[in-house]
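In: Only the shape, not the letters, is given here:
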């Protein structure tokens, strides 16, 4: 298919495609330059890992919101809203609720207990290399699937916007942008990736809000008229505005919906690339203020994506959206384009270019933050923990090499999975966050008798439960939109593993603590009481 034919099929004009390509190139160049300019000195670990805590609450809140709203959130959640209506809105609200959970329950204790990584926070009470290595393994296991989704989606998104179908070009986009994301993480460190997240979130919410206002204007500023039109165009009628379109109305479907929302709420709050932003605040008060900004921004984006998602269905119809992508991942872009109508002015073309550039930056920034979280954990928790005092210059070199060691295999895997349904990978990441990391953090930060055996039981037992159950879920096989539509080994009739794996993660933590013996539990209680003031109230700022 030629570019012109691609433009005709997607509805994007040649001028919009050209402007988008120029904007993508400009954004990539400027953001890379920002990383080079703000990159840390070669022997300054605090600047590389935390940016010295120099970001103001507003800027840190923008960076947290930017990390939290990934391309999978924008495209995936927007698609569920456009295809499933009410159920998609509930999913979007769950993402905002997840950040509120982090804000009120975990943010301050995390900042007080940790220094650079998830391993620091968990090893604060239970020092030991096995704890750090396990925390690193779970960090990589939880973030690798999300990175694959973002990178594999890069080729599809570029092809959709620019109108090409050549598979080699798609793969080239994945490889080229993957290398760019490695450069962001390795060169810019925490401050550099934070700046990219700030630019991205401002552009994403600004352009999205403009499109949402145009959608409402098309329906005379009446949200009720928008929802009614979306329900009519969905082909499902009033059911589009009620629960059950995505999961069904059977008891199993209801349980699946509850488990999915719980997985999003717990998993989203505890993924390592989000929690690492807590360490960039200079005080507990700064954490609270940063999280207040982040929650407000995410709530605003939930409102924006709800309006744009319903607008896409109302203007184009559910069939057209599902035809373009069965998962609805292009709904956000299609809705943004459809709101302009047939004749598109220069100003409207410019606005659409801002929307596509924001999505492009979202892909870049999301993966860069995840690569940084994995590289930091690998360098700090695995390699630096092997020696008593590793020179700062050597550890930073290791962190940069780790970014390459994480990024290159991720790129190769992304080129292999780009032709499959990517939803199981997104779900896998959230399930690991909810089933292994969330119980470990809750127990580790608040349970006095929690032991090293309990912590390892939580991390390993929760992760293994997810990995054993995930292949049997609805998303992997047994339906036309699953990863393997031609196969059917769907023995676990749920979308996520959360209904079993989340209780299992907490159970294994309790069991490991009980099996450690009363003497160890009592010793751990005394050790926890010695640092309880630091963790819960920030009485002392740690040095390491």
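Out: In hand now; what should we look at? Since we're looking at a predicted model, the values are computed, not measured. Residues are numbered from 1 along each chain as shown.

In: Tell me how far the residue nearest to the spatial centre of the chain lies from residue 31.
Out: The centroid of the chain falls nearest to residue 70 when counting by Cα atoms, centre = their mean (4.6 Å). Distance, residue 70 to residue 31, using Cβ to Cβ, to the nearest Å: 16 Å. C-beta coordinates here come from the backbone N, C-alpha and C atoms, glycine included.

In: Need phi/psi at the residue nearest to the centre of the chain.
Out: Backbone torsions for residue 70, taken as degrees, to the nearest 10, come to phi -90, psi 170.

In: quick one: contacts for it?
Out: If you count contacts by Cβ atoms under 8 Å, 6 or more residues apart in numbering, residue 70 has them with 146, 150, 362, 366.

In: hmm, try it at 6 Å
Out: Residue 70 makes contacts with residue 366, as judged by Cβ atoms under 6 Å, 6 or more residues apart in numbering.

In: do the one 10 residues further on as well
Out: Listed by Cβ under 6 Å, 6+ apart, the contact set of residue 80 reads 88, 91.

In: again, 7 Å this time
Out: 87, 88, 91, 246, 328 (Cβ atoms under 7 Å, 6 or more residues apart in numbering).

In: likewise residue 469?
Out: Contacts of residue 469 by Cβ under 7 Å, 6+ apart are 492, 497, 500, 501.

In: Can you name the element that comes right after the helix-or-strand element of the chain with minimal mean pLDDT?
Out: Sorted by mean pLDDT, DSSP states H and E, the helices and strands of the chain end with helix 3-10, the least confident at a mean of 38. Next in sequence after helix 3-10, counting helices and strands by DSSP states H and E, comes helix 14-38.

In: buried set for that following helix?
Out: Buried positions in helix 14-38, judged by neighbour count with 16 or more other Cβ atoms under 10 Å: 16-17, 19-20, 23-24, 27-28, 31-32, 34-35, 38.

In: For the host helix or strand of residue 210, could you pull out the residues that count as buried?
Out: Assessed by DSSP H and E, residue 210 sits inside helix 189-218. By neighbour count, and taking 16+ other Cβ under 10 Å as the criterion, the buried residues in helix 189-218 are 189-205, 207-212, 214-216, 218.

In: Give me the phi and psi angles of residue 484.
Out: The phi and psi values for residue 484, taken as degrees, to the nearest 10, are phi -120, psi 80.

In: How much space separates residue 260 from residue 268?
Out: To residue 268, residue 260 is 12 Å away according to Cβ to Cβ.

In: same check, this time on residue 135
Out: Residue 135 is 19 Å from residue 268, by Cβ to Cβ.

In: Just the helices from the stretch 201-350 of the chain, written as ranges.
Out: 223-234, 251-270, 272-275, 284-316, 318-324, 331-338, 346-377 (DSSP state H, counting those that start in this stretch).

In: Including mean neighbour count, could the ones you listed go into CSV?
Out: Shown next, in CSV, are the helices of the stretch 201-350 of the chain (neighbours: other Cβ atoms under 10 Å):
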stretch, mean neighbour count
helix 223-234, 18
helix 251-270, 21
helix 272-275, 26
helix 284-316, 23
helix 318-324, 18
helix 331-338, 27
helix 346-377, 24
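
In: of these, which approaches residue 49 most closely?
Out: Evaluated with Cβ to Cβ, the helices of the stretch 201-350 of the chain place helix 346-377 nearest to residue 49, the distance being 6.0 Å.

In: and after that closest one, which helix or strand comes next?
Out: Next in sequence after helix 346-377, counting helices and strands by DSSP H and E, comes helix 392-417.

In: From the contact counts, what lies against that following helix?
Out: helix 45-50, helix 129-162, helix 167-183, helix 346-377 (3 or more Cβ pairs under 7 Å, 6 or more residues apart in numbering; DSSP states H and E).

In: residue contacts, residue 20?
Out: Going by Cβ under 7 Å, 6+ apart, residue 20 touches 161, 162, 353, 356, 357.

In: and with 6 Å instead?
Out: By Cβ under 6 Å, 6+ apart, the neighbours of residue 20 are 161, 353, 356.

In: picking that back up, just so I know, which of the helices of the stretch 201-350 of the chain lies nearest residue 45?
Out: Each of the helices of the stretch 201-350 of the chain was scored for nearness to residue 45 using Cβ to Cβ, and the closest is helix 346-377 (9.9 Å).

In: So which elements touch the closest one?
Out: helix 14-38, helix 71, helix 129-162, helix 167-183, helix 189-218, helix 272-275, helix 392-417 (3 or more Cβ pairs under 6 Å, 6 or more residues apart in numbering; DSSP states H and E).

In: quick one: average confidence on the helix or strand that the second one is followed by?
Out: Think helix 71. Using DSSP H and E, the next helix or strand after helix 71 towards the C-terminus is helix 78-84. Regarding helix 78-84, the rounded mean pLDDT is 91.

In: Kindly report the same for stretch 392-401.
Out: Stretch 392-401 shows a mean pLDDT of 83.

In: Which parts of it count as buried, going by neighbours?
Out: Using 16+ other Cβ under 10 Å as the test for burial, stretch 392-401 gives 392, 395, 396, 398, 399, 400.

In: Report the distance from that stretch to the chain centre.
Out: 26 Å (Cα atoms, centre = their mean, to the nearest Å).

In: List of residues touching stretch 313-329?
Out: Residues outside stretch 313-329 that contact it (Cβ under 6 Å, 6+ apart): 75, 79, 82-83, 226, 229-230, 233-235, 330-331, 334, 338, 481.

In: Point out the least confident one among the residues you listed.
Out: Of all those, residue 481 carries the smallest pLDDT score, 72.

In: re the thing from before, what is the nearest of the contacts of residue 80 to residue 57?
Out: residue 91 (28.3 Å).

In: Against residue 246, how distant is that closest one?
Out: Counting by Cβ to Cβ, the gap from residue 91 to residue 246 is 8 Å.

In: Lovely, talk soon.
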